[in-house]
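In: Could you work out the structure for the sequence below:
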Amino acid sequence: MNASNTSAPQDTAQVPPATGVAAVHAASEVIAVPAHPAAPAVPAARPLLAVGLIALASALVAMTTVLAKALGTPVLGAPLHPLQITNGRFLFALGAVALVAAAVRAPFTRPALPLHALRAVCGFSTVTLMFMAATLIPLADATAISFLSPVVTLVLAGLILRERVGRWRWIATLIALSGAFVLLRPGEGAMSLGAVAALGAALFMGLELTIIKRLSGREPLLQILLLANVFGLILSSVAVLPVWRMPTPGQWLALWALGTLMLGAQMCYTAAMKRADASFVAPVGYTTLIFAAVYDIAIFSVWPDLVSVAGAGLILAGALVLTTRAQR
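Out: Okay, the predicted model is just below:
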């Protein structure tokens, strides 16, 4: 059964096989790439598995943000520029995915290069802005602001992917989003440069998730990941030239771990997009905040206050609504 033809209750989206993108007029000729006849079949829709994959990806993403914070502060030596952190992330992620692709002799099809290039620009912008935010504002605040990305994905899934977003997905997203706003503690200060960077990361992340969904039904997983990291490394290598410096041994190790963990998150995200609609799985990414809180406790002995607990509870409630609807 193709995931785009799956029948379900009201909140299940149906995406036509050759969905257009006329709603986004400025980017229509870039994004609207016809499916290649050799593209792999889409796996059967398995929404609960998709939820689990996104949750695992969220745990990995939270850890990469912790590493980025350490690299951008004096913890491991003189702080690295966010552009150099991004460059290291793409460098080591590309090495890992190339080894995996060679080991399994992954099949490749004709890629939609304009779509991959657009996805790479979004991915590069997302990680650079998020790494910048992590060094300028508290990690929990940066993570909370990034949770605006599922709202962007929800809107774009309807405009670009033609998904029908039912009321239960809207309800789940709004519940989880309200938790993110609680964690932002509105009224306690003006929006800083770090907050602006996190907001920009959220916007680019929402667009990137939508593009991943577009690609996932057309090309093999490893091909998507390989091209994403190739384009990302090219972009970041050019951008980092004015600010690059030799990292310390500890920073090299952290960059390797960051790139490897991010690759694992990419694989989970892309696999999830093959098994459920983008607007369905996106809100589950809110669990990144839960993992960030756990890491704060385990690594930095920072316990959440009542506001953090309330916000996390709302986020979990939104995820519970999604899971319950998937079971039905």
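In: CA atoms only for the strand or helix carrying residue 200 - export them in PDB, please.
Out: Taking DSSP states H and E as the criterion, residue 200 maps to helix 193-216. What follows is helix 193-216, C-alpha atoms only, in PDB (Å, rounded to 0.1, in the frame of the first residue of the first chain):
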ATOM      1  CA  LEU A 193      19.700  38.100  18.900                       C
ATOM      2  CA  GLY A 194      19.800  34.500  20.000                       C
ATOM      3  CA  ALA A 195      16.000  34.400  20.000                       C
ATOM      4  CA  VAL A 196      15.900  35.800  16.500                       C
ATOM      5  CA  ALA A 197      18.400  33.200  15.400                       C
ATOM      6  CA  ALA A 198      16.300  30.400  16.900                       C
ATOM      7  CA  LEU A 199      13.200  31.800  15.200                       C
ATOM      8  CA  GLY A 200      14.900  31.800  11.800                       C
ATOM      9  CA  ALA A 201      16.100  28.200  12.500                       C
ATOM     10  CA  ALA A 202      12.500  27.200  13.100                       C
ATOM     11  CA  LEU A 203      11.300  28.700   9.800                       C
ATOM     12  CA  PHE A 204      14.000  27.000   7.800                       C
ATOM     13  CA  MET A 205      13.400  23.800   9.600                       C
ATOM     14  CA  GLY A 206       9.700  23.700   8.800                       C
ATOM     15  CA  LEU A 207      10.500  24.200   5.100                       C
ATOM     16  CA  GLU A 208      13.200  21.600   5.200                       C
ATOM     17  CA  LEU A 209      10.900  19.000   6.700                       C
ATOM     18  CA  THR A 210       8.400  19.600   3.900                       C
ATOM     19  CA  ILE A 211      11.100  19.200   1.200                       C
ATOM     20  CA  ILE A 212      12.200  15.900   2.900                       C
ATOM     21  CA  LYS A 213       8.600  14.600   2.600                       C
ATOM     22  CA  ARG A 214       8.600  15.600  -1.100                       C
ATOM     23  CA  LEU A 215      11.900  13.700  -1.700                       C
ATOM     24  CA  SER A 216      11.200  10.600   0.500                       C
END
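In: Now do it, average pLDDT.
Out: Average pLDDT, helix 193-216: 80.
In: Packing partners of that helix?
Out: In terms of contacts (3 or more CB pairs under 8 Å, 6 or more residues apart in numbering; DSSP states H and E), helix 193-216 is packed against helix 113-136, helix 139-146, helix 149-159, helix 221-240, helix 249-273, helix 278-281. No exception for glycine: its C-beta is placed from N, CA and C like everyone else's.
In: quick one: the second one to helix 113-136, angle?
Out: The one in question is helix 139-146. Between helix 139-146 and helix 113-136, the angle comes out at 150 degrees (axes from the mean of the first three to the mean of the last three CA atoms, to 10 degrees).
In: List of residues touching helix 139-146?
Out: 62, 65-66, 69, 130, 133-134, 180-181, 183-184, 194-195, 198-199, 201-202, 205, 288-289, 292-293, 296, 304, 308, 311 (CB atoms under 8 Å, 6 or more residues apart in numbering).
In: how far off helix 193-216 does it point, in degrees?
Out: Relative orientation of helix 139-146 versus helix 193-216 (the same axes, to 10 degrees): 50 degrees.
In: What residues sit buried inside helix 139-146?
Out: 139, 140, 141, 142, 143, 144, 145, 146 (16 or more other CB atoms under 10 Å).
In: can you give me the offset of it from its chain's centre?
Out: Distance of helix 139-146 from its chain centroid, counting by CA atoms, centre = their mean, to the nearest Å, is 14 Å.
In: What's the mean pLDDT across it?
Out: Mean per-residue pLDDT for helix 139-146: 74.
In: try the first one
Out: Model confidence over helix 113-136 averages 87 on the pLDDT scale.
In: Also the fourth one?
Out: Rounded to a whole number, the mean pLDDT of helix 221-240 is 89.
In: Hey, what's the angle from that helix to helix 249-273? Just curious.
Out: Using the same axes, to 10 degrees: helix 221-240 against helix 249-273 is 140 degrees.
In: picking that back up, single out the most deeply packed of the helices and strands packed on helix 193-216.
Out: helix 278-281 (a mean of 28; mean count of other CB atoms under 10 Å).
In: same for the helix or strand that comes right after that helix, what does it pack against?
Out: Sequence order places helix 287-300 as the next helix or strand after helix 278-281, per DSSP H and E. Applying 3+ CB pairs under 8 Å, 6+ apart, one finds that helix 287-300 contacts helix 47-71, helix 139-146, helix 306-327.
In: can you pull the buried residues of the helix holding residue 200?
Out: 194-216.
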